[in-house]
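Asks: Here is the input, now give the coordinates:
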Amino acid sequence: MPVLTPDQLRKLFAWCSGKRFIGRRDDAILRLFADTRLRLSERAPLTVADVDLDEKVAVVLGKGRHPRAVPFGAKTTAALDRYLRVHSSRLPRLDGRRDCLDGNPASCDQGTVDSIPSG
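Replies: Sure, this is the predicted structure:
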């Protein structure tokens, strides 16, 4: 699988930046992927409760459904904080459902992750 160069990564972050909901969401998710090297199957079910901005760590279920803590840096922390502030003001709490980071409760389901075409 090809790896992005630092210049390509900067351009990708610049393209996803913005003050609107989608831009902040995309920037936070991309930074989380770049900083932690999470697998899609680990990121998709991630909830707000799984992220600790003070400790700069997210707890994910890895291979074999074993929990693991993944640290992230200051830029990812800032991006997640900006996104979560917009997220909480924009979306109502999802009654009885997990509050997914992308605001879509369907994306928390493993079946949704499994249905994403690879490559």
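
Asks: how about the strands of the chain, start to end?
Replies: In the chain, the segments counted as strands under DSSP state E are 51-52, 57-61, 67-71.

Asks: Counting neighbours, which bits of the last one end up buried?
Replies: Neighbour-count burial for strand 67-71, with 16 or more other Cβ atoms under 10 Å as criterion, is recorded at V70. Every C-beta, even on glycine, is put in place using the N, C-alpha and C of the backbone.

Asks: That strand: partners in the sheet, and parallel or antiparallel?
Replies: strand 57-61 (antiparallel) (DSSP bridges).

Asks: Show me the shaky parts of the chain.
Replies: 1, 89-119 (pLDDT under 70).

Asks: Try it again at 90.
Replies: Applying pLDDT under 90 to the chain picks out residues 1-6, 9-23, 25-26, 29-30, 32-51, 59-68, 83-119.

Asks: Can you tell me the centre-most residue of it?
Replies: I29 (3.6 Å; Cα atoms, centre = their mean).

Asks: separation between that one and L80?
Replies: For I29, the distance to L80 equals 9 Å [Cβ to Cβ, to the nearest Å].

Asks: cool, P2 as well?
Replies: Applying Cβ to Cβ, the value for P2 to L80 is 26 Å.

Asks: what about the two, which has more around it?
Replies: L80 (24 against 5; other Cβ atoms under 10 Å).

Asks: list the contacts for that one?
Replies: Counting by Cβ atoms under 8 Å, 6 or more residues apart in numbering, L80 makes contact with 28, 31-32, 51, 53, 72.

Asks: Try it again at 7 Å.
Replies: With Cβ atoms under 7 Å, 6 or more residues apart in numbering as the criterion, the residues that contact L80 are 28, 32, 51, 53.

Asks: Show the buried residues in those.
Replies: 28, 32, 51.

Asks: Make a markdown table out of the contacts of L80 and add distance to H66.
Replies: Formatted as a markdown table, these follow (distance: Cβ to Cβ, whole Å):
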| residue | distance to H66 |
| --- | --- |
| A28 | 25 |
| L32 | 19 |
| V51 | 18 |
| L53 | 23 |
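
Asks: Could you list which of those belong to helices?
Replies: Judged by DSSP state H, the contacts of L80 include 28, 32 as members of helices.
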